[in-house]
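Engineer: return a 3D structure for these sequence lines:
(2 chains)
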Amino acid sequence: MSILIQNGRIIDPVTGLDEKSDILIEGDTIRKVAPNLPVPEQAEIIDAQNCIVTAGLMDMHVHLREPGYEAQEDIESGSLAAAHGGFTAVACMANTNPVVDNAAVVRAILLRAAEAGHCRVYPIGSITKGLEGKELAEIGDMVEAGIKAVSDDGKPVKDSSVMRNGLLYAKALGIPVISHCEDSDLSTGGSMNEGYYSTALGLRGIPAAAEEIMVARDCILAEATGAKLHIAHVSTAGSVRIIREAKARGVCVTCEAAPHHFSLTDENLVGYDTNLKVNPPLRSKSDVEAVIEGLQDGTIDVIASDHAPHTREAKEVEFDYAPFGISGIETELALVVTNLIQPGYLDWMQALKKLSVAPAEILGIPLSGIREGSRADLTVLDPNLERKVDVNLFKSKGKNSPFNGRVLKGWATATIYGGKLTAGKAWNKQHKS
Amino acid sequence: MGKDLLGLEHATAEEIEGILVTAEAMKEVLGRDIKKVPTLRGKSMVCLFYEPSTRTRTSFELAGKYLSMDTVNIAVNTSSVAKGECLIDTGKTIEAMGVDVVVIRHGSAGAPHFLAQNISAAVINAGDGQHEHPTQALLDMFSILEAKGRLDNLEVAVIGDIMYSRVARSNIWGLCKMGATVKVFGPPTLIPPDIEKMGAHVCTTFDEALEGTDVINVLRIQRERQGSALFPSLREYAMLYGVNEKRLQKAKKDVLILHPGPVNRGIEISPEVMESGRAVITEQVTNGVAVRMALLYLLIQGGN
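Structural biologist: Down below sits the predicted model:
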């Protein structure tokens, strides 16, 4: 089985390659990278004219909900959604039921992901048992089973001494700690950003300080321990500033931003659409500007979706009662293109780096890029393709997208994972002629 | 008017004026010996209250009855909502019974909007979380109009817990649209961020709130907020933010005092002020019925 990708512009942030070329894939391996390759007899052909071919994209922050919440998503649907979004790898968060706080659950996830076969799934273990913020989970055992990081995402570690121990322990094991930064005393009862719109809409606000206090605390702890800290879903100007300063001092901290945090503001909540309810909340215009600035100057290393699928019935309720989260992996790439690349905030190489090389480096996953002999994990995207978001076409079970109905530009047209086409179409030579 | 009344933020001055003018005619009906008119005979209204209420619910119910509507109250804790029915299904069930108007009070902001998007019956917001309470603001404006003869170029001070008050928000939107100036004053912990952008001026002292003020709207302090680090005690609240005779010496002689009720006597307002003749707290209750009659009439007639 071979696939020939013709006439694409290769932009590979792993090797730095940016040129027009064909790619021949045989089995799970990239066999040739050169222009005008002859078409082998049995090859499937992907016409990548006017398209970009890049190293398979990675999203280091998704919720696949399995085990425990399969009505929202499972590993099969979530990883298929990832493939359709252009991703060949995801890292999934530990807030399942049971929690990913032991090696058995890690192995179960890896097994289910391999069965599904739509993309690589890297489990993230919890920092503490049951996400309770008290005792450390068996992180060492989970590392042996295959976790690439630990995080109590969704439930911040309140106790600073537990957080410090988590950082020290993870450091010895060579993995990063991913922190969901939220001072839960300040955020309690809140369902949107605190500011004019929370006042006008009469919703309880979550102040920027709730995030920033914990970003500052965790940067201080990372500095004190020398551990690798990764801050999840940065949403405020203050957080960007604190991380920028910490990086300048040499603290081992990285961070990510989610597409909704550079695409939407709290003004969008007028009308009480529960699909806009997300944690951290959509912030003010100046916060969005600061996030974009952080992405530009490299303070924000990674773009990750925080894909959080929910059922229709859970979201079709009063705003206060709706759960937080956006089903985001299938609109992520298009939002990056539409809102970051098109306006000129990032160039292709910068943006694609934040969607592959940067998360892989943080999680310690080696990538070999688009070169002969490499594993064939590739994404083909059409930068000019305009399409209206239609949640009913999502592969994810979560239809909770605030972007439904919006026209976005720049979509993945084919995803190849280990030499196998996991999304998009290819043509057989016989059919074509 | 549109299909629903969800708040005053998006109401126009003309709509508000229309309701207030109609309310005057309705108040005349209330003064009659036989208060029932056949205007809305054959129309029905359900009061769907997810939060306790005496005056607002009774006021709506009587307003409907005086206009010959059929009215039903749903007390949520005894209904199928207690069995776990969601708002959307409750709304559709009520609508399927042929109801013309649903009056909803709910603890969650935006719940009336959510209901209105999902049913075709008219929805009236009788208070949603800390968001809006438009009929309260309308009756406040009607009471001011009665006493002062106008709303434009008046200075109105809203005093107390602004943060959690839907009455404050609806008053600010409505009064500003009608040309009044609105000032707010209360404990700094109970002033919501960026309230100035709604059009209100935030006062830093009681004297500032009183100076040049024509109307004081005193808000009810929720007793359960005591002990939540928002203010130290009801005693200190009464000391610093209570409206009493001594404080009112600095106010205009003819200052009008409003209170949406129910009153915590001696805390946000002293009994002496309540009985001083400047307060129109019971008149507000009567006006509430007139304003709600006007609103029901306009919403239903407008729809026909």
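Engineer: so B:Gln130 sits right up against B:Val167, yeah?
Structural biologist: No - in this structure B:Gln130 lies outside contact range of B:Val167 using Cβ atoms under 8 Å: 9.8 Å. In short, each C-beta sits where N, CA and C put it, glycine included.
Engineer: mutual contacts of these two, please.
Structural biologist: Counting by Cβ atoms under 8 Å, 6 or more residues apart in numbering or on different chains, B:Gln130 and B:Val167 have no contacts in common.
Engineer: give the buried residues for stretch A:298-309.
Structural biologist: Neighbour-count burial for stretch A:298-309 flags A:Thr299, A:Ile300, A:Asp301, A:Val302, A:Ile303, A:Ala304, A:Ser305, A:Asp306, A:His307, A:Ala308, A:Pro309 (criterion: 16 or more other Cβ atoms under 10 Å in any protein chain shown).
Engineer: so which of these are in helices?
Structural biologist: Judged by DSSP state H, the subset of the buried residues of stretch A:298-309 located in helices is empty.
Engineer: not counting sequence-adjacent ones, nearest residue to the closest residue to chain A within chain B?
Structural biologist: Closest to chain A within chain B is B:His131: 2.6 Å, counting by Cβ to the nearest Cβ. Closest residue to B:His131 apart from its sequence neighbours, by Cβ to Cβ, 6 or more residues apart in numbering or on different chains: A:Gly202 at 2.6 Å.
Engineer: and the one you found, how many neighbours?
Structural biologist: 25 (other Cβ atoms under 10 Å in any protein chain shown).
Engineer: over to B:Ser233?
Structural biologist: Neighbour count of B:Ser233, defined by other Cβ under 10 Å: 10.
Engineer: would you agree A:Pro383 falls within a strand?
Structural biologist: Yes - assessed by DSSP: H, G, I helix; E, B strand; the rest coil, A:Pro383 belongs to a strand.
Engineer: give me the pLDDT value at it.
Structural biologist: You'll see A:Pro383 listed with a pLDDT of 98.
Engineer: try B:Glu85
Structural biologist: B:Glu85 is given a pLDDT of 82.
Engineer: mind checking the SS state of it?
Structural biologist: Going by three-state DSSP: B:Glu85 is coil.
Engineer: now do the one 4 residues further on
Structural biologist: Three-state assignment for B:Asp89 (three-state DSSP): helix.
Engineer: excluding chain neighbours, what is closest to the closest residue to chain B within the stretch 1-150 of chain A?
Structural biologist: In the stretch 1-150 of chain A, the residue that lies nearest chain B is A:Ala71 (15.8 Å; Cβ to the nearest Cβ). In space, and not counting its chain neighbours, A:Ala71 is closest to A:Thr311: 5.3 Å by Cβ to Cβ, 6+ apart.
Engineer: can you tell me which of the buried residues of stretch A:298-309 are in strands?
Structural biologist: A:Val302, A:Ile303 (DSSP state E).
Engineer: between the buried residues of stretch A:298-309, which is nearest chain B?
Structural biologist: A:Pro309 (19.5 Å).
Engineer: pretty sure that closest one sits against A:Val391.
Structural biologist: No - between A:Pro309 and A:Val391 there is no contact under Cβ under 8 Å: 10.7 Å.
Engineer: mind listing the shared neighbours of these two?
Structural biologist: A:Ser327, A:Asn400.
Engineer: picking up where we left off before, tell me how many other residues surround the residue of the stretch 1-150 of chain A closest to chain B.
Structural biologist: Here the number of neighbours of A:Ala71 (other Cβ under 10 Å) works out to 14.
Engineer: tell me the predicted confidence for the residue of chain B closest to chain A.
Structural biologist: 98.
Engineer: isn't it right up against A:Ser198?
Structural biologist: No - applying Cβ under 8 Å, one finds B:His131 not in contact with A:Ser198, separated by 10.2 Å.
Engineer: looking at the two now, which is surrounded by more residues?
Structural biologist: Using other Cβ under 10 Å, the more surrounded residue of B:His131 and A:Ser198 is B:His131, with 29 against 25.
Engineer: residue contacts, that one?
Structural biologist: So B:His131 contacts A:Leu201, A:Gly202, A:Leu203, B:Gly7, B:Ala109, B:Gly110, B:Arg166, B:Arg169 (Cβ under 8 Å, 6+ apart).
Engineer: gap between it and B:Ile119?
Structural biologist: Look at B:His131 and B:Ile119: by Cβ to Cβ, to the nearest Å, they are 19 Å apart.
Engineer: residue contacts, the residue of chain A found nearest chain B?
Structural biologist: For chain A and chain B, the shortest gap (Cβ to the nearest Cβ) falls at A:Gly202, measuring 2.6 Å. When contacts are counted by Cβ under 8 Å, 6+ apart, A:Gly202 touches B:Ala109, B:Gly110, B:Asp128, B:Gly129, B:Gln130, B:His131, B:Glu132, B:Arg166, B:Arg169.
Engineer: narrow those to those in strands?
Structural biologist: B:Asp128.
Engineer: now for the contacts of A:Gly202, which pair is the farthest apart?
Structural biologist: B:Gly110 and B:Arg169 (12.9 Å; Cβ to Cβ).
Engineer: check what pLDDT A:Trp430 gets.
Structural biologist: For residue A:430 the amino acid is Gln, not Trp. 58.
Engineer: could you pull out the helices in the stretch 51-200 of chain B for me?
Structural biologist: B:55-66, B:87-96, B:111-118, B:134-148, B:166-177 (DSSP state H, counting those that start in this stretch).
Engineer: residue 220: which element?
Structural biologist: Assuming you mean chain A. Taking DSSP states H and E as the criterion, A:Ile220 maps to helix A:208-225.
Engineer: give me the contacts around stretch A:103-110.
Structural biologist: With Cβ under 8 Å, 6+ apart as the criterion, stretch A:103-110 contacts A:64, A:66-67, A:75, A:92, A:96, A:98-100, A:121, A:123, A:125, A:138, A:141-142, A:144-147.
Engineer: which of those residues count as buried?
Structural biologist: Using 16+ other Cβ under 10 Å as the burial test, these include A:64, A:66-67, A:75, A:92, A:96, A:99-100, A:121, A:123, A:125, A:138, A:142, A:145, A:147 as buried.
Engineer: can you count the residues close to the residue nearest to A:Lys134 when sequence neighbours are not counted?
Structural biologist: Using Cβ to Cβ, 6+ apart and skipping residues adjacent in sequence, the residue nearest A:Lys134 is A:Thr128, 6.0 Å away. A:Thr128 sits with 24 neighbouring residues when counted by other Cβ under 10 Å.
Engineer: sorry, back to before: which of the contacts of A:Gly202 has the most neighbours?
Structural biologist: Neighbour max across these (other Cβ under 10 Å) = B:Glu132, 33 neighbours.
Engineer: quick one: that residue and B:Leu8 touch, right?
Structural biologist: Yes - counting by Cβ under 8 Å, B:Leu8 is a contact partner of B:Glu132 at 6.6 Å.
Engineer: which residues are common contacts for these two?
Structural biologist: What both B:Glu132 and B:Leu8 touch, as defined by Cβ under 8 Å, 6+ apart, is the set B:Ser170, B:Trp173.
Engineer: so can I have CSV of the helices of the stretch 51-200 of chain B showing distance to A:Ile362?
Structural biologist: As requested, the helices of the stretch 51-200 of chain B are exported to CSV (distance: least, Cβ to Cβ, whole Å):
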stretch, distance to A:Ile362
helix B:55-66, 55
helix B:87-96, 42
helix B:111-118, 40
helix B:134-148, 51
helix B:166-177, 44
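Engineer: rewinding a little: and of the buried ones among the contacts of stretch A:103-110, the nearest to B:Val103?
Structural biologist: Closest to B:Val103, out of all of those and judged by Cβ to Cβ, is A:Thr96, at 42.7 Å.
Engineer: give the buried residues for stretch A:127-137.
Structural biologist: Buried, per 16+ other Cβ under 10 Å, within stretch A:127-137: A:Ile127, A:Thr128, A:Leu131, A:Gly133, A:Leu136, A:Ala137.
Engineer: show me which residues of stretch A:116-124 are buried.
Structural biologist: Result for stretch A:116-124 [16+ other Cβ under 10 Å]: buried residues A:Ala116, A:His118, A:Cys119, A:Arg120, A:Val121, A:Tyr122, A:Pro123, A:Ile124.
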